[in-house]
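Trainee: how would this look folded up:
(one chain, ligands or ions: 2)
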Amino acid sequence: MHYASARPLAMTLPGVNEKGGKQVMNGTPHIVIADDQEAVREICTSIATALGYRATGVVSAREAIRVWEQDPPDVLVSDVSLPDMTGLELLKRLKLVMPAVPVLLTTSYGTVGMAVEAMKQGAADYLTKPFELEEMRLLLQACVRQTQQAREGRGLRLEARGPYAAGNLIGVSPAMQRVFRLIGKVAQSRYSVLVLGESGTGKEVVARALHYTGPERDRPFLPVDCGALVPSLMESELFGYAKGAFTGAHHNHEGLLEVAQGGTVFLDEIGELPLDLQVKLLRAIQEKEVRPVGSTRRIKIDVRIIAATNRDLQAAVAEGSFRKDLFFRLNVVSIKLPPLRERVQDIPMLVEHFLDRFTPPGAAPRSFSDEAMARMICYDWPGNIRELENCVERTVALAAGPRLEVADLPTTLLHLRQPPPVAAGEDCGIRSIAAIERDAILGALNQVKGDKLLAAKLLGIGKTTLYRKLKEYTFSAQAGGLNS
Ligand SMILES: Nc1ncnc2c1ncn2[C@@H]1O[C@H](COP(=O)(O)OP(=O)(O)OP(=O)(O)O)[C@@H](O)[C@H]1O
Ligand SMILES: [Mg+2]
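Mentor: Ligands and ions are numbered 1, 2, ... in the order given. So this is what the prediction gives:
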């Protein structure tokens with residue numbers, strides 16, 4: 001039977017106990033169904049509840065993510081094309097935080113190619129719409145069994161509960177997709193990882209993602225800022241100290257490398273670590289043991305090291321302020337986070353994400369005007385995602401209406417607040433070619449969510465022309481050179 005011919009939803013499937021109901025039971029398998037077609041959501045819900053599972057239907061990827069952060073699913077059923085994201089993208093996002101949760105994709109005619117791609121990316125299976133109810137039922141059962149088996153071996157539900165949760169890491173740009181793939185691969189190992197990137201690009205979130213999606217996620221994740229402490233304190237912090245090692249050392253004190261046993265130590269701003277501590281750290285990593293300050297005791301350690309810096313470590317090595325041997329030790333795998341201005345495709349989704357986060361529960365939803373969004377896409381964000389986050393937070397806090405306009409953007413983005421260039425003829429309702437061109441470019445960029453390549457294609461101009469124009473707009477705006 002196809003769902004299309006089976007609209008009566010309260011059906012009982014052959015051989016299935018009708019438990020259903022709204023009651024939420026602990027341990028009851030939870031199915032999240034993401035589909036913008038109501039009929040599909042309803043039919044999948046009825047199949048799931050008939051099997052005794054809980055089901056949550058959502059219409060968009062964003063909603064799906066919100067649901068799984070609160071209530072991790074046992075299975076995700078998703079259409080391959082959701083209004084705000086492809087099913088493939090949603091699959092990748094889920095795999096990043098809950099790699100063991102099976103994903104069933106449903107496709108319509110014409111999107112099967114994407115489903116095949118999804119299978120390659122780890123989807124459990126896919127069904128072509130209209131699908132057989134019995135087929136969906138069997139697949140759901142098989143997937144739930146798979147999750148339960150996985151969970152018996154490992155605390156799956158913990159995954160979304162750590163400080164790293166799905167919604168924390170966003171990126172649709174090819175550059176971020178590569179980063180996500182790399183995280184997925186490297187998280188399963190215990191190699192040292194060096195995370196590089198300008199300030200505010202997300203180095204710490206990536207470090208957390210590596211830890212909380214890896215096999216040791218229930219062990220400690222301990223961050224330490226290598227630039228924040230004076231060297232002697234830093235040494236005690238990392239390696240610990242023995243009672244009596246210095247004035248005030250009344251007890252033995254475990255260092256972070258020891259406390260993190262089995263887990264991860266995140267050495268933030270590693271470029272700031274003084275040379276003598278670099279030597280000690282290298283020895284600790286190589287020998288897998290530490291010697292606390294003032295002690296002769298050696299303590300075995302088993303930690304994963306993730307280090308991060310916004311400095312050019314290779315240059316530091318060349319000039320002698322960072323040890324080459326430690327650099328090689330830490331740099332077994334490196335993850336480079338591109339600055340936000342090089343992945344503008346991510347801006348609209350990040351803006352939405354922060355808008356969501358900073359909108360108080362129960363408050364009416366708000367949105368940025370097209371023009372405000374276009375301005376944010378064009379800005380070069382020297383403070384990267386952190387600056388964008390602050391910008392959205394401030395705008396949400398200070399603006400009054402439901403629509404957030406260019407004028408509501410913070411003054412730090414003042415140069416974005418210049419209106420488009422218009423020639424003197426504007427007064428009589430005639431717009432300059434430059435103004436029309438600029439509107440077309442910004443409008444197109446906004447419509448395709450910042451994808452410059454696609455925008456250039458749709459506008460029928462070369463990619464370099466588009467980049468040049470954008471540079472001109474930003475530059476003339478910064479210089480206050482727009483006369484209108
Ligand atoms: N891909 C992302 N998706 C959503 N939020 C992100 C992403 N990357 C970073 N953020 C947010 O941006 C802010 C800055 O991230 P983070 O602290 O990891 O940056 P950083 O590279 O460590 O910066 P710094 O060098 O200044 O320490 C955080 O609030 C983080 O949650
Ligand atoms: Mg940081």
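
Trainee: Quickly list the domain ranges of the chain.
Mentor: Using automatic domain parsing, the domain parsing of the chain gives 3-161, 174-337, 344-478.

Trainee: okay if I get these as TSV plus mean pLDDT, distance to ligand 1 and mean neighbour count?
Mentor: C-betas here are computed from N, CA, C, even on glycine. Shown next, in TSV, are the domains of the chain (pLDDT from 0 to 100; distance: least, CB to the nearest ligand atom, whole Å; neighbours: other CB atoms under 10 Å):
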stretch	mean pLDDT	distance to ligand 1	mean neighbour count
domain 3-161	74	11	18
domain 174-337	91	2	18
domain 344-478	78	4	17
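
Trainee: residue ranges for the helices of the stretch 151-300 of the chain, please.
Mentor: In the stretch 151-300 of the chain, helices defined by DSSP state H, counting those that start in this stretch lie at 174-186, 203-212, 231-239, 256-259, 275-287, listed in chain order.

Trainee: Relative to Asp71, which of those helices is closest?
Mentor: Nearest to Asp71 among the helices of the stretch 151-300 of the chain is helix 203-212; the distance by CB to CB comes to 17.6 Å.

Trainee: tilt between that closest one and helix 174-186?
Mentor: Relative orientation of helix 203-212 and helix 174-186, computed by axes from the mean of the first three to the mean of the last three CA atoms, to 10 degrees: 30 degrees.

Trainee: got the CA positions of helix 203-212 in CSV?
Mentor: Provided in CSV are the C-alpha atoms of helix 203-212 (Å, rounded to 0.1, in the frame of the first residue of the first chain):
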residue,chain,number,x,y,z
LYS,A,203,38.9,26.8,16.7
GLU,A,204,37.5,26.0,20.1
VAL,A,205,34.2,24.7,18.8
VAL,A,206,36.1,22.5,16.4
ALA,A,207,38.3,21.1,19.2
ARG,A,208,35.1,20.4,21.2
ALA,A,209,33.5,18.7,18.2
LEU,A,210,36.6,16.5,17.8
HIS,A,211,36.4,15.4,21.4
TYR,A,212,32.6,15.1,21.8
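
Trainee: which residue ranges form the strands in the stretch 201-350 of the chain?
Mentor: For the stretch 201-350 of the chain, the strands defined by DSSP state E, counting those that start in this stretch cover 221-225, 240-241, 253-254, 264-268, 289-290, 299-300, 304-309, 333-337.

Trainee: Any chance of TSV for these, columns distance to Gln141?
Mentor: Below are the strands of the stretch 201-350 of the chain laid out as TSV (distance: least, CB to CB, whole Å):
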stretch	distance to Gln141
strand 221-225	36
strand 240-241	51
strand 253-254	48
strand 264-268	37
strand 289-290	49
strand 299-300	46
strand 304-309	37
strand 333-337	38
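
Trainee: export stretch 344-356 as PDB, just CAs?
Mentor: What follows is stretch 344-356, C-alpha atoms only, in PDB (Å, rounded to 0.1, in the frame of the first residue of the first chain):
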ATOM      1  CA  VAL A 344      30.300  34.000   2.800                       C
ATOM      2  CA  GLN A 345      27.900  31.300   1.800                       C
ATOM      3  CA  ASP A 346      27.800  30.500   5.500                       C
ATOM      4  CA  ILE A 347      26.700  33.900   6.600                       C
ATOM      5  CA  PRO A 348      22.900  33.700   6.100                       C
ATOM      6  CA  MET A 349      22.700  30.400   7.900                       C
ATOM      7  CA  LEU A 350      24.900  31.600  10.800                       C
ATOM      8  CA  VAL A 351      22.800  34.800  11.000                       C
ATOM      9  CA  GLU A 352      19.600  32.600  11.300                       C
ATOM     10  CA  HIS A 353      21.300  30.400  13.800                       C
ATOM     11  CA  PHE A 354      22.300  33.300  16.100                       C
ATOM     12  CA  LEU A 355      19.000  35.100  15.500                       C
ATOM     13  CA  ASP A 356      17.300  31.900  16.800                       C
END
